[in-house]
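Participant: for reference, the sequence and a predicted model appear below.
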Amino acid sequence: MTPILPLLAVVLAAGLLNAPPGGPAASPAAGGAVTRNERTSHSSPADPSASPLAPRRSSGIVGHTAARTPAERRRVLGYWTARRMALALPAGLRGPVSALGPLTSGAVPLRLAAVVRQARATLGPPPGVPARPGDSRMGASGAGVGVTGARWAAGGTVTRTTGRVFLTMRGVDYVCSAGAVRSRNLDVVVTAGHCAKDGAGAWAENWTFVPGYESGRRPYGVFTARRMFVPETWSRRGDDSQDLAMIALNVSERGHLNEVVGGQDIGFGRPRGMRAFGFGFPADPPFDGEHLVYCSGGLHGDPHDQTRDQGMRCDLTAGSSGGPWLSSFDSATGRGVVTSVSSFKYSDDPGTMYGPYFGDEARRLFETAERA
């Protein structure tokens, strides 16, 4: 199979550079094939039903209770100090597969060595796939078509509804992206499954959403997670076609999420192959995670036939995972319809981002979250 690049960015804390014995390692390629997935793995897969504390399931959905009590919410808010958020560093690419040993989940963990970040800098478009004419890289930009990575400077609702996610997975702090959507309970955000649960492994802790994040500023406050939901196929085996999560947030001191920043519409079962705008906070070079960045273009199927996802030419890097893809997007208002989120890249094509198709499974997931 073709390897997939991770889109998480890691927050370093003291002592985290020394992985514990028995921690994640890579699965070596065999017969010219390479590892399935480079997303980080924080624990060995296990049957969730084996634990007496297993999360409740319904209609192919797995749920998890996060910070529900006032004391739990205060603890999470206290955990994410401005310093902890500012210490976020982008995770590097995978190291040599042969040097990492077996991994039960088939994933290749992110490495934090400087040499790995240097490897990312050498990556360009795959052979025979030149950058498209008119591609915009870096710098601020208004709405454009065929943009593969530029700061969003056109304003509008999307600057409020898109935000940065801070979370902890087995003692390691990560950053992702997410988007607020209109819901009955006024509290739902959509993100990538691996930004909430590590496939068959651990659930995230200290999960917080910072809408409208910009250069360390939190203009609309911080929202903690109340309930987290992922598709059962993601929870059991890390199915990349279902790398999706819906998070029901706690009410902040300013009110419900939709009352504070509004929300985008969300759509299911829409035609494939449409044009979309993808937003997020990429933290790996050449980006720094401090600004809202976007890409835009037409969508296409997975040429490797490994997933049911759609792809878009996009240079967003680690930290953009879970960022919303908006179809029918109006750049004048910053409004659109969320129809996917940033999920992964294949290592032989770092210029294309893939996101899950929002069909019936995504609809059930959303309906569950808005009732939570």
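Facilitator: The structure has been received and is ready for your questions. Remember, predicted model here, so these are calculated numbers, not experimental data.

Participant: and stretch 349-369, which residues are buried?
Facilitator: Buried residues in stretch 349-369, counted by 16 or more other CB atoms under 10 Å: 349-358, 361-362, 364-366, 368-369. C-beta coordinates here come from the backbone N, C-alpha and C atoms, glycine included.

Participant: kindly check the end-to-end length of that stretch for me.
Facilitator: Chord length of stretch 349-369, first to last residue, is 34 Å (CA to CA, to the nearest Å).

Participant: separation between the residue nearest to residue 352 when sequence neighbours are not counted and residue 323?
Facilitator: What sits nearest to residue 352 in space, not counting adjacent residues and going by CB to CB, 6 or more residues apart in numbering, is residue 311, at 4.6 Å. Between residue 311 and residue 323 the computed distance is 15 Å (CB to CB, to the nearest Å).

Participant: quick one: which of these two has more around it?
Facilitator: residue 323 (36 against 24; other CB atoms under 10 Å).

Participant: torsion angles phi and psi at the more buried one?
Facilitator: Residue 323 adopts backbone torsions of phi -60, psi 140, taken as degrees, to the nearest 10.

Participant: quick one: it and residue 316 touch, right?
Facilitator: Yes: using CB atoms under 8 Å, residue 323 makes contact with residue 316 at a distance of 7.2 Å.

Participant: quick check: neighbours shared by these two?
Facilitator: Residues touching both residue 323 and residue 316 by CB atoms under 8 Å, 6 or more residues apart in numbering: 278, 280, 342.

Participant: can you check which helix is longest in the chain?
Facilitator: helix 360-371 (DSSP state H).

Participant: state the mean pLDDT of the helix or strand harbouring residue 259.
Facilitator: Per DSSP states H and E, residue 259 falls inside helix 257-261. Over the span of helix 257-261, the pLDDT mean works out to 98.

Participant: outside of the next helix or strand after that helix, which residues touch it?
Facilitator: Using DSSP H and E, the next helix or strand after helix 257-261 towards the C-terminus is strand 265-266. Residues outside strand 265-266 that contact it (CB under 8 Å, 6+ apart) are 181, 182, 190, 335, 336, 337, 338, 339, 358, 366.

Participant: what are the pairing partners of strand 265-266, and which direction each?
Facilitator: Taking DSSP bridges as the criterion, strand 265-266 forms sheet pairs with strand 335-341 (parallel).

Participant: so what does the following helix or strand past the strand it pairs with touch, helix or strand wise?
Facilitator: Sequence-wise, the next helix or strand downstream of strand 335-341 (DSSP H and E) is strand 344-346. Counting contacts by 3 or more CB pairs under 8 Å, 6 or more residues apart in numbering; DSSP states H and E, strand 344-346 packs against strand 4-5, strand 349-355.

Participant: which neighbouring elements make contact with the longest one?
Facilitator: What that stands for is strand 349-355. Partner elements for strand 349-355 (3+ CB pairs under 8 Å, 6+ apart): strand 310-313, strand 344-346.
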